Each structure stands twice: as structure tokens, then as C-alpha cells.
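> Sharing a sequence plus its predicted fold:
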Amino acid sequence: MSLRTEILTSLETVIQIPTLPEVVMRLQHEIESDDTDAAAIARIISEDPTLTLKVLKIANSVLYHVGSEIVDVRQAVTRLGMSELRNLVYAVSVLRLMPDLPHIDYKRFWRHSISVAYTAKSMLRCCGAESGVGESSVSGLAFVAGLLHDLGILVLDQIIPEQYALALNMAGRNDGDSNAGEAGGESLPLCAAEQKFLGISHAEVGGIILRQWGMPNSLVEAVTFHNDPLSADEHRTLACIVHIANFVCNNRGIDNGTSVPPEGFSDACWDWLGLSVEEIPAIIDMADQDAEKSQTLMLLASA
Amino acid sequence: MAITEKEFQLMKDYLREHSGITLGDGKEYLLESRLTTLMVQNGCETFTDLHKMLQAGTEPLRVKVIDAMTTNETLWFRDDSFFSVFEKEIVPRLIKRASMGKVRIWSAACSTGQEPYSIAMLIDHALGRSPSVPNTRFEILATDLSPSAIFMATSARYSQLALSRGMRPDFKDRYFNENGLAYELDQKIRAMVTFKQFNLMDSFALLGKFDIILCRNVLIYFSDELKKSIYGKLSTSLLPDGMLALGSSESPRGITDALTSELLAKTAFYRPAQGSGGHSQLYGQRK
């Protein structure tokens, strides 16, 4: 049996595959349904007291300038909006996933993912309208797509840690060691290294997991194609946003710590989003602010 | 992925025939480092597999291979001898001119910023010896077709690997600050360069005139007809005293008569054929 087949089989059968709390899944479905209301959303979140406490703490922090204190989830829904509250619930929930993996620097990994989430959302306002960024399947999910784009890395490190170490080494682990330059010269991009050693990439694995979780197709496609966004079909715009946001965060030094990040992004993807090079300084500023926000969010969520 | 001698020869011939790229001996590493990702993506175990696939004639693969071989060539002070002549012969003359007014320089295919920043550093370094001329007298326009390259260039953050490709140690110490795993270029140097997206096929009219244009190792991938048109546009974008620098293997001879060559310390530069008026105050007599 090829390693790829073996991995695909474990994804279907093994119970060790992590899952987001049920609350998050129900929240996602509730938001997508046509007849949702603030009370229903609040009820779902309130079922998880730890989550509720953290969400309220963050909602009242410097990250959201809400003025008077938000005292319950119902208020949080109306004051932050459903979409923003969902983002917050996701961010807090992912931080509980798989904290002890052999080859992953947990904090660095999630700081990168949360930064990509914020940057993906911030970038929406720089994109041309014709790219379809205004549609709710894009604007509503940019944050979550950015947050979960590297999920497959955690899963691979969990289910096949030994083989995965080989792929990570080939991708030139980015640990700042003085030989990284030389090693980097021969390194492969992470997805190519994974494809070579495992026959499957973290992007594809991430997509499979999200599909199993019953996540919307746009999210599945954005994660599956975040390194090759032009291969995405119906939801290319969301995949392109995650692709560029991922590059921007890496460029600002906020990488996931697993490999040497690619030196560039797909130009065709930039054009697809209707972005202009005149906006590069503004995008850089936004990403730097977003990196600060992600740091704050992690501190608040883990305290 | 490792390449054998025979495979290197096959690929070398293929690239020359299909793209005009000429690989010198000892450039095996270039093929290995640039094509491995593509090979993995296309299920090629060896360069022989890749060559077979290319021969079978799939157009998208050919384009991808050529792209991988040509884009984002990222060397600081690419071509030592050129930059040595630039530093010794051109920079002092530019500074002399800057004492009287603005000096405009255009890096016409700047990729991820190494060429324009190399020039900016050389000028700033030389200005240290002529403090009366501020570096704001120099306008360096840097253009490229690729938004990705312009993003990298604008951010001016380079990995240790990127800096190891040709950066002078004294300049690394003087002009770069270590920040996490990257090196950030000094704001003073960054401020000397303006980046814009530009296609060399388009009209140059809005760019204005330049004292120096660098268009090195770009046109080698173009047909003679296109080269002729671009050489013509470059010529009219030069000030009467202006000079064009091409790659060391490039020459407009036999393609256009819009440019005449001039040797400075054995390195060829090119001037507009008409209107230069023979004697040049900036660059002195023809050698």
C-alpha cells in the first residue's frame, strides 16, 4: 500500500484525528442557515462555559473597541456581529487542537495561522470588486480560511510523525540555525517535499479534514488550493486571498516554523484579486498590525 | 534532484533551442535548484523523464520550465566586473552631476530589488566621501512585470540565503539590520528607490528621461524584432549624455543602429546614436 493510500485510510478511520469542538460546527451551520438569529447563536456558544469566558474576555479587550462592557454572549452577537463572533470562536477553539506534536512549534504555528486569518480579512478591502470578494462565501470566511489553511500540517505530524520529519527536513526547517542558508539552497517548497515523500500535501489533507467536519465547500477549496490557487475552481477567490495573505505573513517574518517559506507568490493570483502594486506598502502595514493583533489574541486566549 | 552530465547536455540544448537561454559549463546546480519542484509536480524521477516530457511537446510545461529558469534571478552586484566598473567609473560621474541637479536612474527589470538596491548602496557609500551632495538628488526607478517580485523588493526583507548570493560583507554590516530570520535593508537606501509595475512592451513615454538605464539580462529571452523595438525605446529614454547598460553577453550590434557602444574599463555601455553630440561632459571622451 502506498503511503498516500495509507494516509488517506487513516484520515477516514483513525479516531486520533483531531476535531473542533462540536459547538464550533453547530455555530458554523447555524450561521449558514437562512433563519438564524442572535439568540440561537448565543445559545450555542453558551453551552461551552470555557469558550464563553474566553470569548467575552477577548471581546472586551483592546482588540475590539467596544466601549461599555459586553456582559453576555447575546450582547457579543449584537455588538460584534455574527461573522466576527464566529471568527473569535474559531480562533479560541483551534488553540485547543493538538498542542503536543513532535515537530511543530505550537505557538509559532498558531501565531502564523491567526496572522494569516487577520491579514486575509484585512486584504478584502484592497481587492477589486470583480474578483467577487464581496460575496459572503468569501468575505465571511476569509478569516477562518486563513486560520485553518495549514491544518493538514498538524494532522500529518500527528498520524505519521517519522515520515513527516523527512518531508520537513527536505523543506529546510526554518529554525534560524546558521546553516539554514546552505540547507535552504537545496530545500523544496513544503508542498513539493510532502508530495515527494508522502504522495500527498498538507493542503490536500487539510481540505479532506474540513470536508469530514462538514465545512462549507468554499473553505475546503481555499485550504486545498492555498498553495496552487489557480487550480481552485468555484472558490478561486478565497484560495487566492489565503495564498497572498500567507505569503505576506511569511514575508513579515511570521511563518509557521516548519519550513523555508516560498520566495514569492503567484502573479496570476494577484491579478485575479484585482490587487495593485501601489497598495503593497499599505498591505505591509496592515499585516504588521495584524501580526500584533494575533499576538494579543493568543495571549488573551491562553491566559 | 541530481543531474547527470548527459542530462545536462540534453537540457542545455533544449533550453538553447526553445528559449535562447545559454547555460555555461558548471551550471548544473542551476537546473537542479530551479527545476526540482516542477519535476516533482509532474512526476518526473529524473531529468531524462523531464526532457522526454518536454520533447513530447506539452506547451504549458515548456513555459513553466522557461519561467523557472528565467524569473527572479536574484544576485546582489550581479556580475562583479560590471559593478566594479559602475562603482569606479560611473558613480563618481553621477555624483558630479548630482551636485548640479537631479540624477535619474532606471533599473528596467528589477526582479526582487537586488539591482536597484545594489546601485543605491554604491551611491550612498560613495556619497559618504562627498557629504555636500544629499542622496535625495538620486531618483532610482525600478520596474518589473511581476507583482510578486515588486512585493519582495518593496518589503526589502531578505533571507540569509538571499543575502548570501553576492552581498558584500561590508555592505551587509552597514546597510542591513537583522530582524528575526530576515535582514532588513536600511530605510535610507530604500527611500532612494521607487518601484513600479511596468511591461517593457508598453510605451516608455511617461517614464521621462534617464542618466543611466540598466536593462541587463532581460532582452536575451526576446526575439530580435522585439529587441529592436525595445532598444529603440531605451535609446529615446536616455538623456543626450545618458548611458545604457546591458548584460555582459548582450549586444545591440546587428539588431539596431539606435545605440552606439562605448568602452569604460573594458565594459561596454551604450549611448543614443543620434543627438549625443559626440563630446560628453558627463562621461568624457570616447575611449
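The structure has been received and is ready for your questions.

> what's next to stretch A:42-53, contact-wise?
A:21, A:23, A:26-27, A:30, A:55, A:72-74, A:76-77, A:85, A:89, A:92-93 (C-beta atoms under 8 Å, 6 or more residues apart in numbering or on different chains). For every residue, glycine as well, the C-beta is placed using N, CA and C.

> Spell out the residue ranges of the helices in the stretch 101-250 of chain B.
B:114-127, B:147-155, B:160-164, B:169-175, B:187-190, B:224-236 (DSSP state H, counting those that start in this stretch).

> Out of those helices, which gets the lowest mean score?
Across the helices of the stretch 101-250 of chain B, helix B:160-164 has the smallest mean pLDDT, namely a mean of 83.

> Turn the helices of the stretch 101-250 of chain B into CSV, columns for distance to chain A.
CSV is the format used below for the helices of the stretch 101-250 of chain B (distance: least, C-beta to the nearest C-beta, whole Å):
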stretch, distance to chain A
helix B:114-127, 12
helix B:147-155, 4
helix B:160-164, 4
helix B:169-175, 12
helix B:187-190, 11
helix B:224-236, 20
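
> JSON lines for these, including mean neighbour count?
Formatted as JSON lines, the helices of the stretch 101-250 of chain B follow (neighbours: other C-beta atoms under 10 Å in any protein chain shown):
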{"stretch": "helix B:114-127", "mean neighbour count": "23"}
{"stretch": "helix B:147-155", "mean neighbour count": "24"}
{"stretch": "helix B:160-164", "mean neighbour count": "19"}
{"stretch": "helix B:169-175", "mean neighbour count": "14"}
{"stretch": "helix B:187-190", "mean neighbour count": "16"}
{"stretch": "helix B:224-236", "mean neighbour count": "17"}
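
> Of the ones you listed, which is nearest B:Ala273?
Closest to B:Ala273 of these is helix B:224-236 (C-beta to C-beta; 6.9 Å).

> Contacts for the closest one next, please.
Counting by C-beta under 8 Å, 6+ apart, B:108, B:200-201, B:203-204, B:213, B:215, B:219, B:222, B:244, B:252, B:255-256, B:258-259, B:270, B:272-273 sit against helix B:224-236.

> related to what we said a few turns ago, for the helices of the stretch 101-250 of chain B, which one sits closest to A:His226?
Taking the helices of the stretch 101-250 of chain B one by one with C-beta to C-beta, helix B:147-155 is closest: 15.5 Å.

> What helix or strand is A:Ser83 located in?
Using DSSP states H and E, the element containing A:Ser83 is helix A:82-94.

> Beyond that helix, next helix or strand please.
Following helix A:82-94 in sequence, per DSSP H and E, is helix A:106-123.

> next helix or strand past that following helix?
Using DSSP H and E, the first helix or strand after helix A:106-123 is helix A:136-139.

> How far does that following helix sit from its chain's centre?
15 Å (C-alpha atoms, centre = their mean, to the nearest Å).

> Can you tell me what sits against that helix?
With C-beta under 8 Å, 6+ apart, helix A:136-139 has contacts from A:Leu124, A:Gly132, A:Val133, A:Pro216, A:Ser218, A:His235, A:Thr237, A:Leu238, A:Ile241.

> switch the cut-off to 6 Å
Here helix A:136-139 makes contact (C-beta atoms under 6 Å, 6 or more residues apart in numbering or on different chains) with A:Leu124, A:Ser218, A:Thr237, A:Leu238.

> Now list the buried members of the contacts of stretch A:42-53.
Buried positions within these, assessed by neighbour count (16 or more other C-beta atoms under 10 Å in any protein chain shown), are A:21, A:23, A:26-27, A:30, A:55, A:73-74, A:76-77, A:85, A:89, A:92-93.

> Name the nearest of these relative to chain B.
Ranked by distance to chain B (C-beta to the nearest C-beta), those are led by A:Val92 at 26.3 Å.

> which residues touch that closest one?
A:Val92 touches A:Lys54, A:Ala301, counting by C-beta under 6 Å, 6+ apart.

> The one 10 residues further on now?
Counting by C-beta under 6 Å, 6+ apart, A:Pro102 makes contact with A:Pro161.

> how near is it to chain B?
22 Å (C-beta to the nearest C-beta, to the nearest Å).

> hmm, which helix or strand of the chain has the shakiest average pLDDT?
Using chain A here. helix A:180-185 (a mean of 40; mean pLDDT, DSSP states H and E).

> Hmm, no, I was thinking of chain B.
helix B:59-70 (a mean of 75).

> Could you see whether chain A lies near it?
No. Interface with chain A: helix B:59-70 contributes nothing (C-beta under 6 Å from any C-beta of the partner chain), its closest point being 10.1 Å away.

> what number of residues lie near A:Arg211?
17 (other C-beta atoms under 10 Å in any protein chain shown).

> Now do the contacts for it.
A:Arg211 touches A:Val220, counting by C-beta under 6 Å, 6+ apart.

> any idea how far it lies from chain B?
Counting by C-beta to the nearest C-beta, the gap from A:Arg211 to chain B is 23 Å.

> Need the three-state assignment for that residue.
Classification of A:Arg211 by DSSP: H, G, I helix; E, B strand; the rest coil places it in helix.

> Assign A:Ala291 to helix, strand or coil.
A:Ala291 - assigned by three-state DSSP - is helix.

> Might one say that it is in contact with A:Asn251?
No. Shown here, A:Ala291 and A:Asn251 do not form a contact pair, counting by C-beta atoms under 6 Å, at 11.0 Å.

> now the residue sitting nearest the centre point of chain B, nearest residue through space, not along the chain?
By C-alpha atoms, centre = their mean, chain B has its centre lying nearest to B:Arg216, at 4.4 Å. Nearest residue to B:Arg216, sequence neighbours excluded (C-beta to C-beta, 6 or more residues apart in numbering or on different chains): B:Gly247, at 4.3 Å.

> Listing request: residues of the stretch 1-150 of chain B with sub-threshold pLDDT.
B:19-22, B:58-59, B:70-79 (pLDDT under 70).

> what residues does it put near chain A?
B:Thr37, B:Val40, B:Ser146, B:Pro147, B:Ser148, B:Ile150.

> Thank you, goodbye.
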